[in-house]
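[1] show me the folded form of this:
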Amino acid sequence: MDKREDILQAALELFAERGYHGTAVSLIAEKAKVGSGTIYRYFQDKEQLVNELYRYWKTEVAKAVKEDLADNLPLRTLFHETWSRWVEFAMKNRAAYSFLIAHHHAPYLDQASVAINEKIHGEYRIFFEIGRQEQIIKDINPELIMAIVTGIFSEMMREYWAGHLQLTPELIDQAEEACWHAIRR
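    A predicted model of the protein is given here:
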């Protein structure tokens with residue numbers, strides 16, 4: 001890796017573990033094995049760094065979940081496939097997913113980060129709105145539906161990473177099924 005990549009990786013791990021405010025630039029530099037001044041050659045400030053990471057990983061999770069996913073599948077099948085891909089991404093990219101959870105509604109996200117988040121969430125809103133129109137999904141606010149699903153998913157992953165849950169295929173299926181039952185008519 002080059003210095004820029006070392007900085008991004010160190011920042012990702014620290015932001016995921018310690019949060020934005022708990023991560024000083026000097027800690028990032030130490031973990032990346034560069035001088036603090038080197039960070040400022042690549043990034044204007046810590047805020048630019050966190051936003052670049054947010055946009056990159058938000059885009060990566062969206063690609064992982066949606067890439068080559070057929071649009072013409074039944075809604076329940078789409079939900080299952082999306083859930084499975086989401087689990088796979090989170091399992092392979094713990095620091096990235098933890099980072100995204102921790103920084104999702106952060107006040108330091110810039111307009112570009114907010115726009116990417118809104119675009120991706122807009123696509124999920126459409127999915128749930130279609131389900132509502134087809135009377136497959138409950139007639140409740142799509143934002144609430146997304147909060148229910150992402151809340152269950154994110155907490156499942158946190159409990160797994162904390163050592164309180166063993167993520168067996170059976171448990172993953174049970175969580176998915178519980179989410180589906182929470183939102184379906």
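[2] list the buried ones in stretch 83-90?
    83, 85-87, 89-90 (16 or more other C-beta atoms under 10 Å). The C-beta positions use only the backbone N, C-alpha and C, and glycine is treated the same way.
[3] give me the residues contacting it.
    Contacts to stretch 83-90, defined as C-beta atoms under 8 Å, 6 or more residues apart in numbering, come from residues 60-61, 64-66, 69, 97, 153, 157, 167, 172, 176, 179.
[4] per-residue confidence at the nearest residue to residue 95 once chain neighbours are set aside?
    Of all residues not flanking residue 95 in the chain, residue 16 sits nearest, at 4.4 Å (C-beta to C-beta, 6 or more residues apart in numbering). What the model reports as pLDDT for residue 16 is 95.
[5] from memory residue 16 sits against residue 102, does it?
    Yes - shown here, residue 16 and residue 102 form a contact pair, counting by C-beta atoms under 8 Å, at 6.6 Å.
[6] and those two? Which one has more around it.
    It is residue 16, of residue 16 and residue 102, that has more neighbours when counted by other C-beta atoms under 10 Å, with 21 against 15.
[7] so how far is residue 103 from that one?
    Relative to residue 103, residue 16 is positioned 9 Å away (C-beta to C-beta, to the nearest Å).
[8] just residue 21 next, same as before
    Distance, residue 21 to residue 103, using C-beta to C-beta: 11 Å.
[9] chain center to stretch 123-143: distance?
    Put simply, stretch 123-143 sits 21 Å off its chain's centre (C-alpha atoms, centre = their mean, to the nearest Å).
[10] show me where the chain has its helices.
    Here the chain has its helices, by DSSP state H, at 3-18, 25-32, 36-42, 46-66, 75-92, 94-103, 111-133, 142-161, 169-183.
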